[in-house]
Each structure stands twice: as C-alpha cells, then as structure tokens.
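A.B. asks: Show me how the following folds:
(2 chains)
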There are 2 protein chains.
Amino acid sequence: MKPRDSVALLGVGLIGGSIGLALRKRKLARRIIGLGRNSSRLRSARRRGAVTATSTRWETGVAGAELIVVCTPVGQIVEHVLELAEYCTGPTLITDVGSTKRHIVESLEDQLPAHVQFVGSHPMAGSEKTGVRYSRADLFAGRVAIVTPTSSTPKEAIKSVCLLWEALGSRVITMAPGVHDQVVGAVSHLPHVVATVLAAASSRREQQLVSSGWMDTTRIAAGDARLWQQILEDNKVHVLKSIDQFAELLQQFRDALAEDDRRSVSRILKAGKRNRDALGS
Amino acid sequence: MKPRDSVALLGVGLIGGSIGLALRKRKLARRIIGLGRNSSRLRSARRRGAVTATSTRWETGVAGAELIVVCTPVGQIVEHVLELAEYCTGPTLITDVGSTKRHIVESLEDQLPAHVQFVGSHPMAGSEKTGVRYSRADLFAGRVAIVTPTSSTPKEAIKSVCLLWEALGSRVITMAPGVHDQVVGAVSHLPHVVATVLAAASSRREQQLVSSGWMDTTRIAAGDARLWQQILEDNKVHVLKSIDQFAELLQQFRDALAEDDRRSVSRILKAGKRNRDALGS
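C.D. replies: Below is the predicted model of the structure:
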C-alpha cells in the first residue's frame, strides 16, 4: 500500500484504534482523522496516539480523506457508509470491519455515488475486551483479513483494500459475502454462542471451582453483548445452521457415552484433538 | 505441612512432575521417589529435577515413604493404590490426583490395611499438554484443590492431605466424593466435551479461518483423548446430566434467535457475559 495523505476512521474503539496505531507505526498515512459522536472517546483515541485529529462533525471530518474505514457496530454500518458517502467530495474508497458481510454489501450495492467505492472487509482479529485502551498496532499482524467483493466491485478498489490489510500485517483472503457469512458463522459466531451458553449455564457454586479449561472455553463470552446480538441476528440463517450441526454432534457424543459405545466416544475425542492439534497452541 | 523425609510419586507426567518440582522448591521433602513402569519417562523426570530417585520396582520404591501421591490415569488409580498398599510396611498416607472421585474413593473404602490411609484429592490444575517436560513448580499456585473425605476418613489424614495442597500454593476445598463429581462434571468435564465437539465439527476449510476466539474455545480439546475417555466414562452420570442442561439452554438460545425473540437472546448473552466477567481474565 502506498502511503495515504489522509485516512478517516469512523469509530475508534478496539478495532478502529488498532487500525490507527498500525497505520501510524507503519507510516502509511500522514493524517488520521477519528470520527464519532462521543467527544470523550475521540479524545481518548487521540491521547493514545491512534489518530492525529478528531471530529464529531463528519462532513468536515471526511473532507479530503482518500480512504475511510467504518468501524462501528454491524447494525449501523450501512447507514453510516451512506451518510459518509454524501459528504465525500473527491474519489473516496470506503471499507468496513463488520463481522457479517452479505447484508451490508448487498444493501450498499448501487446505492453510492460514482466517485465513492465500497468494499467489505472483515479482519479476523479482536478480543473480548472493547475500547481504544486495548488497541494495539499489531492486532492484525499474522491474522486473516477477509475481503468480500461482488461481481460489480471495481478491481482497483478490491486491490486497494487488500493492500491495506496486507500493509497492516494480515493474510488476505477474498470470498463472496455470502460464503464469508457461512464460514464465519461456523468459526466465529458458533464459538461465541457455545461459550456464552456454557458461561450462562453455570451456577454460582460451580463458578467458584472453575479451572483454566473453563476459563479458556468461555473467554469470548465476555464480549460486548449488544454488539454480538447484532452480529448473530444479522447472520441468523448461518448461525442457526451451525448451532444445529454442533448440537447434532453433541447429541451423538452424548448418546455414545450413555450407551457405552466406546468406539464412537473415542472417535469424536480423537477427531477433536486432531483438528485442534493441527492449529497449534 | 511439616517437611517429610520421603515422598513417593507414582506417575511422573505433568501433574506428578509438577508435584515433585513444587515439593523440592519449597523444601518439603528430602527424598522424592518417582515410581512407574517406564524407565525412560522416569529418567526424564529425574533429569528435570522433579524427583531425587526413581524405581520401576514399586515394592522397594515405597519402602520408607510416609506419603504417596498416585498420579496415574483415572482408570488405574484403584488398582495402583491397592498394589502400593501391599508394599507399605509403616504408617503411610496415600492420596491421588484423579479427576473423578466417587468410584475411586468408594472402591478403596475398607479395602486397605490399618496402617495405610487413603484420602482422595483433585487439584484443579493442569493443561492440555501432557508429559513431565511441561511440569512446573507453580502449577498448583493459586488454584483450587478439592479433597474428598468420607465419614470414615480419619481427621488427621484429611488434615495432612489438605496441608499438602496448601503447601503447594492451592486453596483447599473439601467435599463429599459424589458432590465433587457432580460439580466437576459441570465445570471441567462439560467444557471438555463442548470444546471437543466444536473442534471435531469443524471442516478443513473452516479451520483455515479460525480466529483467536475459536482457538481459546477449543484449546482443551487437545488434551489426551484416552485419559479423557476414562474420566468421562467414570463420571458418566453427571457428565450426561451436564450435557443435557447445556443442550437445553443452547436449544433455548437457538429458538429465541430463530423466532426473533430479542429479549431472550439478550438475556442469555448478558448472563453469559456477567458470569464470565465475574471470573476475570
């Protein structure tokens, strides 16, 4: 990615803040404008060095920005991109970091002025922690970033967004928005549901006796509940399918254990270990 | 715990090795004899400094040991305690570290000679890694150790075993063996099943896109499959009950999401977050 003169970030929490820190550290943008509604959060981002300027007036904030990254919750991304696009005077590339893609990408298709291009992104990085104080310049290093063009997305725009994530250290994979939602429903949204239900099902007494295993298995349940509700609702079809597949294998395991079918119990335990071992510590 | 002259450890993997390292570091035993069947594993434990001597001949190995900790897999603990008890010539206290307790404790009740006392233990510490090379002197520090006496366990023996775990840095909780199995079925065995099924259900393609959340949630699935099979089979009744409770709440969450019952989705997400937040990072 060639260094940009001016980049705007809408939303400066964990993800937006980390993008700002990474762009600055790698000297990829001269000006980084943090946009939002909440002045005190914007000030925190500036104090942390994640942005070089801030504004709650988006119209003036986006003036001159060549690239805008929308880092607001999934449920607001479409309206935010549409609003920002109105304020763009020159050629502008907009991407987002939402955890779901089909609804967002389809809603924006053919809705933007000709000089504004949108390409959906989903950096597979994050934490159960939220807020700019947890942001890190290396949050995206070594992680996968998924870019989700459609058949009508201009090649140059796709390339620019891929180069952005590569410049931040990620391995970029492109896929159709619907395929993204299916895969991410299985590898990200399902684990969130499972961790949440495990944590929610525990009694006060049990919580006093949890081991490091329980702590690991439920860690992501500490994620922002409202944000996750939006994600799960937006990707409902695929999340339900993933839950059903998981529940079916859980039931198989349960029945095998109940019926002393030692071969099936062993097969599932070994399959789980093999898949997990293949991915390292 | 007052320092012992001679302690024997049967089984010198992650847990046995860590007990040896902790006893030596805290100068709680002059001699620590590592017992087992496999000479090369015993040599590894000695090289690591977890034991001061080793023996594959248990009869000579336990001679003079005041305290024996049996650190073999759950399915072998009863026979190992019975065998060791035959070789004990003087007053000897035996404890174990098995992840299930009712079957072990009940099987040994009234089966031991008068000069040998058994008290069941379960240090809630461990790792998905196995083997003495992962053992650490601080494995038990700050963790819970559950001690499971029965109405016929002598008070002095209970106290000695509690002092052992406290000396290794653990917070000791005593409970009846059956209560232990119920609670641990929920906080330790259920998470193992859930992590295993999640890892086993993932496809090759999905595995290429896992995030840190999936990695955390499935970490314990890398545990030893044979060892876990023994644990789950031994604690079958409680594990099945825990799986059923979990599956019921998962189904409730699934149906709420499917039916756009936003209040119920939110309630479960918030309960999971609240329970997890209460336990820290």
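
A.B. asks: can you pull out the helices in chain A?
C.D. replies: For chain A, the helices defined by DSSP state H cover A:14-25, A:39-47, A:58-61, A:77-87, A:102-108, A:155-167, A:177-184, A:190-201, A:204-207, A:212-218, A:225-234, A:236-258, A:262-277.

A.B. asks: Would you mind finding the most buried of these?
C.D. replies: Mean neighbours per residue, mean count of other Cβ atoms under 10 Å in any protein chain shown, is largest over the helices of chain A for helix A:190-201, with a mean of 27. Any C-beta I mention is one placed from the backbone N, CA and C, and that applies to glycine too.

A.B. asks: Now do that helix against helix A:225-234: the angle between them, please.
C.D. replies: Interaxial angle, helix A:190-201 versus helix A:225-234 (axes from the mean of the first three to the mean of the last three Cα atoms, to 10 degrees): 130 degrees.

A.B. asks: Mind listing residues that contact helix A:190-201?
C.D. replies: The contact list for helix A:190-201, computed with Cβ atoms under 8 Å, 6 or more residues apart in numbering or on different chains, reads A:214, A:217-221, A:223, A:228, A:231-232, A:239, A:242-243, A:246, B:190-191, B:194, B:198, B:213-214, B:217-218, B:245-246, B:249-250, B:253, B:268-269, B:271-273, B:275-276.

A.B. asks: Tell me, how many residues neighbour the residue in the stretch 1-150 of chain A positioned nearest to chain B?
C.D. replies: Residue of the stretch 1-150 of chain A nearest chain B, by Cβ to the nearest Cβ: A:Met124 (4.5 Å). The number of residues packed near A:Met124 is 22, by other Cβ atoms under 10 Å in any protein chain shown.

A.B. asks: Can you give me the pLDDT of it?
C.D. replies: Predicted confidence (pLDDT) for A:Met124: 92.

A.B. asks: Would you pull up how far stretch A:217-236 lies from the middle of the chain?
C.D. replies: 11 Å (Cα atoms, centre = their mean, to the nearest Å).

A.B. asks: Check whether it comes near chain B.
C.D. replies: Yes. Using Cβ under 8 Å from any Cβ of the partner chain, stretch A:217-236 reaches chain B at A:217-226, A:228-229, A:232-233, A:236.

A.B. asks: Could you do stretch A:142-154 as well?
C.D. replies: Yes. Counting by Cβ under 8 Å from any Cβ, chain B is contacted by stretch A:142-154 at A:143-144, A:146.

A.B. asks: would you list those residues in JSON lines and tack on pLDDT, neighbour count and distance to B:Glu206?
C.D. replies: Output for the residues of stretch A:142-154 next to chain B, formatted as JSON lines (pLDDT from 0 to 100; neighbours: other Cβ atoms under 10 Å in any protein chain shown; distance: Cβ to Cβ, whole Å):
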{"residue": "A:Arg143", "pLDDT": "92", "neighbour count": "18", "distance to B:Glu206": "16"}
{"residue": "A:Val144", "pLDDT": "93", "neighbour count": "19", "distance to B:Glu206": "12"}
{"residue": "A:Ile146", "pLDDT": "97", "neighbour count": "23", "distance to B:Glu206": "13"}
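
A.B. asks: Show me these that map onto strands.
C.D. replies: Among the residues of stretch A:142-154 next to chain B, the residues falling in strands (DSSP state E) are A:144, A:146.

A.B. asks: which of the residues of stretch A:142-154 next to chain B lies closest to B:Arg30?
C.D. replies: A:Arg143 (50.9 Å; Cβ to Cβ).

A.B. asks: so what's that closest one closest to, chain neighbours aside?
C.D. replies: Distances taken as Cβ to Cβ, 6 or more residues apart in numbering or on different chains put A:Ala125 closest to A:Arg143, at 4.2 Å, once the chain neighbours are dropped.

A.B. asks: Just send the helices of chain A back as JSON lines, with mean pLDDT too.
C.D. replies: As requested, these are exported to JSON lines (pLDDT from 0 to 100):
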{"stretch": "helix A:14-25", "mean pLDDT": "97"}
{"stretch": "helix A:39-47", "mean pLDDT": "97"}
{"stretch": "helix A:58-61", "mean pLDDT": "95"}
{"stretch": "helix A:77-87", "mean pLDDT": "98"}
{"stretch": "helix A:102-108", "mean pLDDT": "97"}
{"stretch": "helix A:155-167", "mean pLDDT": "98"}
{"stretch": "helix A:177-184", "mean pLDDT": "96"}
{"stretch": "helix A:190-201", "mean pLDDT": "98"}
{"stretch": "helix A:204-207", "mean pLDDT": "89"}
{"stretch": "helix A:212-218", "mean pLDDT": "94"}
{"stretch": "helix A:225-234", "mean pLDDT": "96"}
{"stretch": "helix A:236-258", "mean pLDDT": "98"}
{"stretch": "helix A:262-277", "mean pLDDT": "98"}
